[in-house]
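# Okay, structure incoming, though there's no sequence with it:
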C-alpha cells in the first residue's frame with residue numbers, strides 16, 4: 001500500500017499531471033453545470049457531443065496561462081485561475097436562476113444596482129452550491145497535505161507550446177462542428193443561449209467581451225452618413241395613422257402605468273375559484289379601453305429598464321446589458337422631449353432610489369422635467385417591498401404630486417410590489433398561493449392580486465381628482481414574471497404541456513390596455529410589441545411621427561407591422577413564429593410546412609435588419625447627427641431631480 005501511495009505521490013509531483021488533474025476537474029464540472037443548470041435546448045447528437053467537448057479546449061487554454069509562470073508560482077496561478085473560472089461559472093448560474101440568461105460584461109459592471117437586489121439574490125442560493133468549488137478545495141488540499149510535492153523547476157517551452165496546440169486544436173474542432181450544425185453562429189450572435197450551447201461558458205465570455213468592445217468603439221467611428229440608412233429604413237416602413245384615432249386624445253394628459261411582471265395569462269385566470277386580477281379583467285370590457293391580447297414584451301437583460309427604454313424611444317434594447325446604464329449620455333428623441341414643445345410637463349413616479357438603473361441620469365437625456373424617486377416619499381418601513389414602497393401607499397402618496405403638475409402632462413408610474421421573489425405579507429394577502437410546488441410561482445399570484453387591488457385604488461384616486469376623463473391611460477406589462485426555469489410548474493398553472501413554442505413565444509405575452517375617453521373600444525387581436533407604443537401614443541395625441549427614427553409602428557394603423565422581433569432574434573407574428581432555431585405555425589404551434597419556409601426566412605431577415613439598425617443608432621449615438629424639424633434637442637443641464 002505504501003508503495004502505491006509513494007508512486008501516486010511521485011506521479012502527482014509532476015506539474016503536468018497536476019495541471020491535467022485541474023483541467024479534468026474543471027472540464028467535468030463545467031460540462032455537468034451546462035447540462036444540469038442551464039436549459040440550452042440540446043436536440044441532437046452533435047449538440048450533445050459539443051456540450052461535452054466545449055469546456056475542454058477553453059479549460060486547457062485558460063489554465064495553460066499558469067504554465068508561463070516560474071517554479072512554485074505556476075501552482076498558485078493555476079489555482080487562482082481555476083477559482084476565477086469557477087466563480088464566473090457560478091455567477092452565471094445565479095444570474096440564470098433569476099433571469100434565465102447569461103452574464104455579459106455590461107451587466108457585470110452594473111454595480112449600482114447590487115444593493116437594491118440583494119434580497120432577491122439571497123433567494124437564489126441552493127444548499128449544494130458549495131460543490132461548484134469542491135475541486136478547488138481538493139487541489140489546495142493536495143498541496144497543503146503535501147500529497148503533491150511542488151516541482152521547483154520551470155516547464156520546458158515545448159511542453160507549454162504542446163498545451164497551447166492541444167487546446168487550440170480542440171477549440172478549432174469545436175468551432176468547426178458548431179458551424180456545421182449552426183451556420184453563421186458568431187455573425188448572427190443575438191442569442192446567447194446558442195453561443196453557450198455550442199462554444200461553452202468560457203468561450204462565450206470571450207465572445208461577449210469582443211462584442212462589447214466592438215459596440216463601444218462604434219460611437220468613435222460613427223459619422224453623419226450612418227444615420228441616413230436608418231432614416232431611409234424607418235421612413236420606408238412607416239405606418240400611416242388611422243384617421244379614426246389620429247388626434248382623438250389631442251391635449252389630453254398621458255398616464256403610463258408600468259405593470260411590473262404582469263403576464264397576459266393572468267387575465268381572466270382563476271385560482272381557488274377566484275379571479276386573480278378582477279380589476280384588470282374588468283378593463284378588458286370597459287367601453288373606452290382597447291385591450292390587446294397579442295401584445296409581447298421585447299426586453300432582454302435590462303428587463304424593466306429595457307421596457308422603459310423601448311417605450312420611450314421606439315428603439316430596441318441592447319443585446320448586452322442595458323442602455324439605461326451604459327448609454328445614459330446619448331442623444332435621444334424620447335417621448336418627453338417630443339411632447340415638451342407642445343406644452344407637456346413630464347414626470348416619472350418610482351418608489352425606489354433614483355440611481356437604480358441609472359434613472360436619475362438617463363431621464364435627463366430623455367428630457368423628463370420631474371423624477372419623483374424614493375426621496376420624495378414617506379418610506380415607512382412596514383410599507384416597503386424589496387424594491388421600494390409597496391403599490392398601495394405608492395399610489396396614495398403619488399396622487400397629490402400628479403395633481404400638482406401643470407396640465408397637460410406626460411407621466412409614468414413604475415410599481416414594485418409584484419416583483420420576484422414575490423414576497424407577500426400573508427396578513428395583506430387576499431388570495432391563497434398556488435400549489436405547483438414552486439415557491440416563486442405559487443407566490444406570484446398573491447402579489448399579482450395585490451397589484452391589481454392597488455391599481456383599482458389608483459383609478460379611484462384619478463376619478464376623485466377629475467383627471468380620469470382628461471387623460472389617456474396606458475397600462476402595460478414590462479416583462480415576464482415567471483421564467484422558463486419554471487416550465488414544469490407552469491404546466492400545472494396552464495393545464496397543458498409547456499413546449500418551447502409555449503414557453504418562448506406564447507408566455508412572452510404581456511397585457512396592454514389603452515384607455516382614451518370618448519372612443520369606442522374593445523379587444524384587439526392585433527399583434528404588437530413594446531416598440532409600437534410610442535408611435536401609437538403620439539398619433540393619439542395628433543403628433544405626426546414619420547420624421548422620427550421609430551422602429552415600431554402605430555398599433556391602431558391599418559398598415560401596422562405585426563412582425564414582433566424579440567431581442568435574441570426570435571420573433572412572433574400572426575402566422576409564423578420563430579423560437580429556438582425553429583419555425584412554427586403561430587396558430588397551431590406545430591412546425592412550419594416546407595412551402596412556408598421562404599416567407600419565414602424573409603421575416604427572419606427583416607428581424608435581423610431591425611435589430612442591427614437599432615443597435616447602430618444606440619451604439620453609434622447616431623441621433624446626435626439628426627434633428628427632426630419639429631424637435632428641440634435636449635439640454636441635460638436644465639434638469640435637476642433632487643428634492644428642493
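Received it, and whenever you're ready, just let me know what you need. What you see is a predicted model, and the numbers here were worked out from it, not measured in a lab. Numbers count the residues shown, from 1 in each chain.
# low-scoring stretches of the stretch 1-150 of the chain, by residue?
Counting by pLDDT under 70, the stretch 1-150 of the chain shows low-confidence ranges at 1-13, 109-122.
# can you map out the helices along it?
2-12, 15-36, 45-63, 73-99, 105-108, 118-122, 134-144 (DSSP state H, counting those that start in this stretch).
# Name the residues of the last one that are buried.
Under the neighbour-count criterion of 16 or more other C-beta atoms under 10 Å, helix 134-144 has 135-136, 139, 142-143 buried. Where you see a C-beta, it was placed from the backbone N, CA and C, and this is true even at glycine.
# now the helix or strand just after that helix and helix 15-36, what's the angle there?
Following helix 134-144 in sequence order, the next helix or strand is helix 157-181 (DSSP states H and E). If you take axes from the mean of the first three to the mean of the last three C-alpha atoms, to 10 degrees, helix 157-181 sits at 20 degrees to helix 15-36.
# Buried residues of helix 157-181, list them for me.
So for helix 157-181, counting by 16+ other C-beta under 10 Å, buried means 163, 167, 170-171, 174-175, 177-178, 181.
# of those, closest to residue 357?
Set against residue 357, the nearest of the buried residues of helix 157-181 by C-beta to C-beta is residue 178 (34.6 Å).
# I'd say the closest one and residue 198 touch.
Yes: contact criterion C-beta atoms under 8 Å: residue 178 and residue 198 qualify, at 3.8 Å.
# Quick one, grab the pLDDT at residue 187.
Residue 187 carries a pLDDT score of 67 in this model.
# next one: the one 3 residues further on
Taken from the predicted model, the pLDDT recorded for residue 190 is 57.
# quick one on the thing from earlier: let me have the helices of the stretch 1-150 of the chain in a markdown table, adding distance to residue 266 as columns.
Below are the helices of the stretch 1-150 of the chain laid out as a markdown table (distance: least, C-beta to C-beta, whole Å):
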| stretch | distance to residue 266 |
| --- | --- |
| helix 2-12 | 58 |
| helix 15-36 | 31 |
| helix 45-63 | 35 |
| helix 73-99 | 20 |
| helix 105-108 | 28 |
| helix 118-122 | 21 |
| helix 134-144 | 41 |
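# just how off-centre is stretch 304-316 within its chain?
Offset of stretch 304-316 from its chain centre (C-alpha atoms, centre = their mean, to the nearest Å): 11 Å.
# Could you chop the chain up by domain?
Using automatic domain parsing, the domains assigned to the chain come out as 2-218, 241-561.
# pLDDT averaged over the last one - what is it?
Confidence over domain 241-561 (mean pLDDT, whole number) is 95.
# How about the contacts made by the closest residue to residue 562 other than its chain neighbours?
Excluding the flanking residues, the one nearest residue 562 by C-beta to C-beta, 6 or more residues apart in numbering is residue 527, at 3.9 Å. Residues in contact with residue 527 (C-beta atoms under 8 Å, 6 or more residues apart in numbering) are 294-296, 562-564, 572-574.
# Closest one to residue 91 out of those residues, please.
Relative to residue 91, the closest of the contacts of residue 527 is residue 296; by C-beta to C-beta it sits at 29.1 Å.
# For that closest one, the count of nearby residues, please.
27 (other C-beta atoms under 10 Å).
# so what's it up against?
Going by C-beta under 8 Å, 6+ apart, residue 296 touches 508-510, 527-530, 564, 566, 572.
# can you put these in JSON lines and add distance to residue 56?
As requested, those are exported to JSON lines (distance: C-beta to C-beta, whole Å):
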{"residue": "508", "distance to residue 56": "35"}
{"residue": "509", "distance to residue 56": "41"}
{"residue": "510", "distance to residue 56": "41"}
{"residue": "527", "distance to residue 56": "44"}
{"residue": "528", "distance to residue 56": "45"}
{"residue": "529", "distance to residue 56": "40"}
{"residue": "530", "distance to residue 56": "41"}
{"residue": "564", "distance to residue 56": "39"}
{"residue": "566", "distance to residue 56": "32"}
{"residue": "572", "distance to residue 56": "37"}
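# Secondary structure and distance to residue 458 for those residues - can I get that in CSV?
As requested, the contacts of residue 296 are exported to CSV (DSSP: H, G, I helix; E, B strand; the rest coil; distance: C-beta to C-beta, whole Å):
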residue, secondary structure, distance to residue 458
508, helix, 26
509, strand, 23
510, coil, 19
527, strand, 29
528, strand, 25
529, strand, 25
530, helix, 21
564, strand, 29
566, coil, 30
572, strand, 31
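# Right, I'll call it a day here.
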